[in-house]
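Novice: no FASTA, just this:
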């Protein structure tokens, strides 16, 4: 369903949202006269739209025949006023799994969401929300129209960008950008696809859309629009590669080279049904602020020693480490696969041969709800490693533990 806002002077814009993309399934309902679809959405009118009153019209596009039908909808109108108070923009979502782990971190959820909240505060007109990545991904797949901008880490971004692209038709459709202070890189979101390499069957749309983003970034938005509109017209005309080809909808199934030729042949044309690319109408730009590291007092308060040990009983290695007479250091705990196994571990815990052994100062209060630590020096760590080696322990790596301005800069072990 296409939504169009139109005024009496025939000035209009197509709402950037489609409802019921694909088929409508009525479930057990065999015959209905009318039915209603309710879906939350947001709209972003064109920046150069004329002031005035606009009414909403709805059109159903039959994806199989290409025919359009007017749809009866409740009356909806709005007024465009360039001098009006801005309306809050759509939600900005932070998708993360870190909240699940927050209980084991020094400042909990507040520390993990701090940067997101700080930046969000600079944009008061944009509503922000935090979601755990698993349910966020599920909701993205089920209700993609609920999302406008998603902020997440690189790994999760790599995953959900594929989900979003696949919802739109194929992982081969979307481009991406990585913009830094001095360098910007643009690429398709997908991987190298070695199974189809050299077979002239890949969808070049992802790379083409990345190139469009690059052109916009370097100030050639008019050329970017020309390329993107030719690409949209090609899709609209039913010229599709194998990954998006559908019988009854597509017109021709083409290979990589032929698809590129079809896009080239349509340079200068615009889509007739899909929204026309109008990047050149925008005036925004990406500015990356320079990072400035804060000065903090950094103090060494302990060390994690990772040991390769083939035994199975945590108490055995724990008691052996307790016998090591390191200078003013004591064993605080041992974890295996992130779970505390000594002291007072659970015998049911499955252990590998990779043991993390945490040593802290003799004077540290390691048993309180919020442990407190005392400063140690590097020579104590060297002495500890020397004595562990003399006792035959296979030390494979170490990680120093620091406090910054008196706040712990390392995580607790699960169950610690």
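Specialist: Right, received. Where do you want to start? Computed from a prediction, not measured in an experiment: that's the story for all the values here.
Novice: Quickly list the domain ranges of the chain.
Specialist: 2-80, 88-168, 174-292, 298-408 (automatic domain parsing).
Novice: Which of those domains has the lowest mean pLDDT?
Specialist: For the domains of the chain, mean pLDDT drops lowest on domain 2-80, to a mean of 67.
Novice: First-to-last residue distance for it?
Specialist: For domain 2-80, the first-to-last residue distance is 20 Å (C-alpha to C-alpha, to the nearest Å).
Novice: Let me have the domains of the chain in JSON lines, extended by mean neighbour count.
Specialist: C-beta coordinates here come from the backbone N, C-alpha and C atoms, glycine included. Shown next, in JSON lines, are the domains of the chain (neighbours: other C-beta atoms under 10 Å):
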{"stretch": "domain 2-80", "mean neighbour count": "12"}
{"stretch": "domain 88-168", "mean neighbour count": "15"}
{"stretch": "domain 174-292", "mean neighbour count": "15"}
{"stretch": "domain 298-408", "mean neighbour count": "16"}
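Novice: what residues does the one helix or strand residue 403 maps to touch?
Specialist: According to DSSP states H and E, residue 403 maps onto strand 394-404. Contact partners of strand 394-404, identified using C-beta atoms under 8 Å, 6 or more residues apart in numbering, comprise 296-309, 354, 358, 360, 373, 381, 385, 388-389, 409-410.
Novice: Equivalent analysis for stretch 167-182, please.
Specialist: For stretch 167-182, contacts defined as C-beta under 8 Å, 6+ apart pick out 140-141, 144, 161-162, 164-165, 184-190, 202-214, 217, 241, 243-244, 286, 288, 290.
Novice: and the gap between residue 216 and residue 283?
Specialist: Distance, residue 216 to residue 283, using C-beta to C-beta, to the nearest Å: 12 Å.
Novice: again with residue 174
Specialist: Distance, residue 174 to residue 283, using C-beta to C-beta: 24 Å.
Novice: Which residue ranges of the stretch 151-300 of the chain form strands?
Specialist: 175-179, 184-188, 239-240, 252-253, 298-308 (DSSP state E, counting those that start in this stretch).
Novice: Reformat those as a markdown table; add distance to residue 279.
Specialist: Below are those laid out as a markdown table (distance: least, C-beta to C-beta, whole Å):
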| stretch | distance to residue 279 |
| --- | --- |
| strand 175-179 | 13 |
| strand 184-188 | 14 |
| strand 239-240 | 22 |
| strand 252-253 | 28 |
| strand 298-308 | 46 |
